[in-house]
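Visitor: Sequence and predicted model, in that order:
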Amino acid sequence: MRFLQSRGIKNNRRITALADGILYCKCVGEGSLPCLPSRPITTSCRAVLLPRFGGPEVLELRDNVEVPDLKQNEVLVRTRAVSMNPLDTRMRSGYGRSIFEPLLPLILGRDISGEVAAVGASVQSLTLGQEVFGALHPTAVRGTYTEYAILSEDELTQKPMSITHEEASAIPFAALTAWRALKSTARISEGQRVLVIGGGGAVGFAAIQIAVANGCQAVTTCSSQSIDRALAAGAEQAIDYTTEDIELAIKGKFDAVLDTIGGPETERIGINFLKRGGHYMTLQGEAASLADRYGIAVGLPIATALLLKKQFQYRYSHGIEYFWTYMRADSEGLVEIRRLSEAGRMHIPVDKTFPITQVREAHEAKERKQIPGKVVLEFN
């Protein structure tokens, strides 16, 4: 018999939901007492599986995918909406193959918005039925393209009441990626200057909003269709990289540069715009690609050596700090992102919503660049 832990009863009650639908409430100082469940808890659900790497056609929507038992610090979330990230399409195509291939089939997806369906025994901050949003770590195997997703307590927080599940699902992964770079790594503070290379994407747009919320002067590069949005978000200058010379258009030096594009040219430009003691952070670290090329045992040491070489090189030649940055769970950051959203200072526009039954069409549209902005998948 399989157990899922649920929480949401006063007087320190613990509810253990059994697969046959019977609940036993165990209260401090009381005996076991059978009672009826407040809502069904399932042991299988609909989910989109990735059985092999390839194009959108390899994605399979299945009806009876197992829902694993919860660990003590985990939360079962009834999914209402998940947003697609570039990582989803890259993983589907084989990015991270050296890590993920032995673990196939995978469930893609990182962002989520939904309701708490059950919690592990040690979870304290979330309760049954509460609306939540959050994001999984990039290396998670069981993602959020599923009717019931499992996240740890520190990967979730209360959903902002002022926005929909669709809007909420677009925020966490991108905003936490930007938060890690600007707040955890660069430790930006009021009065500093921040350059965001690629402010039109979700991470770049979130970075502009985080910089502005922290009292920084934000400057960004983006395409012409993103100029007005970047300025409306608080950027003091937005340069159209397709028509302007970035190095001539931008004046002065910066305390932090977040490069969401990556590559030798944007790295060179970003490094040269930094003050001594500044921080350059790129989303295009090479650990996964080198591991895919040479295998984990060889590729990861090569990646580590390459990163250390660049860090020493730029510290000596420019007096700056160099980092490969990526998203990781940060409960403090997620709470602050929620507060910014509630205050109307953090949002990621959603360009189109698809039902989960059209997940292949959604991936195909993103791959063909038919939809430039965020795509959200709905569960109903």
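Guide: Ah, there it is.
Visitor: Run a quick neighbour tally on L248.
Guide: Neighbour count for L248, taken as other Cβ atoms under 10 Å: 8. The C-beta positions use only the backbone N, C-alpha and C, and glycine is treated the same way.
Visitor: now swap in L87 and tell me
Guide: Using other Cβ under 10 Å, the number of residues around L87 comes to 20.
Visitor: What is the neighbour count of the closest residue to it other than its chain neighbours?
Guide: Once flanking residues are discounted, L87 sits nearest to P138: 6.1 Å by Cβ to Cβ, 6 or more residues apart in numbering. If you count neighbours by other Cβ under 10 Å, P138 ends up with 16.
Visitor: And the one 3 residues further on, by the same measure?
Guide: Here the number of neighbours of V141 (other Cβ under 10 Å) works out to 12.
Visitor: Look up how far R78 lies from it.
Guide: 20 Å (Cβ to Cβ, to the nearest Å).
Visitor: residues in contact with the residue nearest to E74 when sequence neighbours are not counted?
Guide: Nearest in space to E74, with sequence neighbours left out and distances taken as Cβ to Cβ, 6+ apart, is G120 at 4.7 Å. Shown in contact with G120 (Cβ atoms under 8 Å, 6 or more residues apart in numbering): Q5, L70, K71, Q72, N73, E74, V75, E153.
Visitor: Would you list the phi and psi of G120?
Guide: phi -70, psi 170 (degrees, to the nearest 10).
Visitor: could you measure it against G270, distance?
Guide: From G120 over to G270 (counting by Cβ to Cβ), the distance is 42 Å.
Visitor: Check the average confidence over whichever helix or strand L334 is part of, would you?
Guide: Assigned by DSSP states H and E, L334 belongs to helix 331-342. Averaged across helix 331-342, pLDDT comes to 95.
Visitor: which secondary structure elements does the helix or strand just after it contact?
Guide: Going down the chain from helix 331-342, the next helix or strand is strand 350-355, by DSSP H and E. Counting contacts by 3 or more Cβ pairs under 8 Å, 6 or more residues apart in numbering; DSSP states H and E, strand 350-355 packs against helix 165-169, helix 359-367, strand 374-378.
Visitor: tell me which residues of strand 350-355 are tucked away?
Guide: V350, T353, F354 (16 or more other Cβ atoms under 10 Å).
Visitor: What pairs with that strand, parallel or antiparallel?
Guide: strand 374-378 (parallel) (DSSP bridges).
Visitor: ok, back up a step: looking at the helices and strands packed on strand 350-355, spot the one closest to R90.
Guide: helix 359-367 (10.3 Å; Cβ to Cβ).
Visitor: which residues make contact with the closest one from outside it?
Guide: Outside helix 359-367, the residues touching it (Cβ under 8 Å, 6+ apart) are 48, 55-57, 59, 61, 84, 88-89, 92, 145, 352, 354, 371, 375, 377.
Visitor: Let's see which of those end up in helices.
Guide: D88, T89, R92 (DSSP state H).
Visitor: So which of those is surrounded by the most neighbours?
Guide: Busiest of those [other Cβ under 10 Å] is D88, holding 28 neighbours.
Visitor: shaky segments in this protein?
Guide: Along the chain, the model assigns pLDDT under 70 to residues 1-41.
Visitor: try it again with 50
Guide: Residues of the chain that meet the criterion pLDDT under 50 lie in 1-40.
Visitor: any idea which residue sits dead centre in it?
Guide: The residue lying closest to the centre of the chain (Cα atoms, centre = their mean) is F173, at 1.7 Å.
Visitor: how much space is there between it and D259?
Guide: 18 Å.
Visitor: Run through the helices of this structure in chain order.
Guide: So, for the chain - with DSSP H - the helices run 86-93, 97-100, 165-169, 172-179, 202-213, 227-232, 246-249, 264-272, 287-294, 296-317, 331-342, 359-367.
Visitor: Looking at the ones you listed, which is nearest to Y280?
Guide: Checking the helices of the chain against Y280 by Cβ to Cβ gives helix 264-272 as the closest, at 5.3 Å.
Visitor: Pull out the buried residues from that closest one.
Guide: T266, E267, I269, G270, I271.
Visitor: so who does the last one touch?
Guide: Spelled out, that is I271. By Cβ under 8 Å, 6+ apart, the contact set of I271 is V257, Y280, Y314, H318, I320, Y322.
Visitor: The fourth one now?
Guide: With contacts taken as Cβ under 8 Å, 6+ apart, G270 has the following neighbours: L195, I197, V257, D259, Y280, T282.
Visitor: I'd like to know the beta-bridge partner residues of the nearest residue to the last one once chain neighbours are set aside.
Guide: In space, and not counting its chain neighbours, T282 is closest to D259: 4.4 Å by Cβ to Cβ, 6+ apart. Using DSSP bridges, the beta-bridge partners of D259 come out as I197, T282.
Visitor: count of residues packed around D259?
Guide: 24.
Visitor: thinking it is in contact with F273, fair?
Guide: No. Look at D259 against F273 with Cβ atoms under 8 Å: they stay out of range, at 10.3 Å.
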